[in-house]
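K.L.:
Give me a model of this one.
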Amino acid sequence: MALIELRDIYKVYDMGAEKVHALNGVDLSVQRGEYVAIMGSSGSGKSTLMNLLGCLDTPSSGSYILNGTAVQELDDTQLAAIRNKEIGFVFQTFNLLARTDALHNVELPLIYAGLSRAERRERARQALEKVGLGSRMTHQPNELSGGQRQRVAIARALVNQPSILLADEPTGNLDSATSEEIMQLFDELHQAGNTVVLVTHEPDIAEHAWRKVTLRDGKVTSDQATSRRDRRRSPAS
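P.N.:
Residues are numbered from 1 along each chain as shown. Okay, here's the model as predicted:
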């Protein structure tokens, strides 16, 4: 069974007298362990789709099954619970607490999960080690570079051992060299077995994924393997 299964998803927003159809019959399956980039220009529906995938919103109609759970049937409390359990979010703006060190920032999802202080600390430490920030645990965000802040955000996304890493324009606030470092980290996380869904408007960032899904006017217009997957499938020369 697919980890993510969207069937005939519509999302309609009431804007006064006007109805805006943000998603128009989207079908999408993501298998466990896949690395998928979702692309589209402004207004294509990719942000709406990301919000639905991340259980931040529910569809107007259609079916969304996430790891065996019918998301469209959940209430707000149940949505919050499934977000914390199944999804690790990475945002363009990092969303770190300014006066809190890296270790405490990474611990936050575990507080909501009800873990003991000792277990939270250990799991947060391991997550920071995994993203190469073992020596920066006591640093606050203003003492870290943009790339290091995003690594803290990725560690926070990993700490609950989620089913999916969901990244929304994760390199949008980074220079090209730092962007490449962060994308190499996502490559490593995918190779380690994580399912990664990446939302981006940048073709070079999307090429890190193994599969690229393009949206236009709320519909999937293409769904194809990237050159990266083709290269990795080729026999060694």
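K.L.:
any idea which helix or strand of this protein has the worst average confidence?
P.N.:
Ranking every helix and strand in the chain by mean pLDDT, DSSP states H and E puts helix 227-233 at the bottom, with a mean of 62.
K.L.:
Could I get the full set of strands for the protein?
P.N.:
4-15, 18-30, 35-39, 61-66, 69-70, 87-91, 164-168, 195-200, 211-216, 219-225 (DSSP state E).
K.L.:
Who are the packing partners of the third one?
P.N.:
Packing contacts for strand 35-39, counted by 3 or more C-beta pairs under 8 Å, 6 or more residues apart in numbering; DSSP states H and E, involve helix 46-53, strand 195-200, helix 203-206, strand 211-216. Yep, even glycine has a C-beta here, placed from its N, CA and C like the rest.
K.L.:
so where is this protein shaky, pLDDT-wise?
P.N.:
229-237 (pLDDT under 70).
K.L.:
what bridges to the residue nearest in space to the middle of it?
P.N.:
Among the residues of the chain, the one closest to the centroid is residue 166, at 0.8 Å (C-alpha atoms, centre = their mean). Beta-bridge pairing of residue 166 under DSSP bridges involves residue 89, residue 197.
K.L.:
I'd say it and residue 86 touch.
P.N.:
No: using C-beta atoms under 8 Å, residue 166 is not in contact with residue 86; the gap is 9.6 Å.
K.L.:
which residues touch the biggest helix by length in the chain?
P.N.:
Longest helix in the chain by number of residues (criterion: DSSP state H): helix 176-191. With contacts defined as C-beta atoms under 8 Å, 6 or more residues apart in numbering, helix 176-191 is touched by 33, 35, 131-132, 145-147, 150-151, 154, 158, 165, 167, 170-171, 174, 196, 198, 205, 208, 210.
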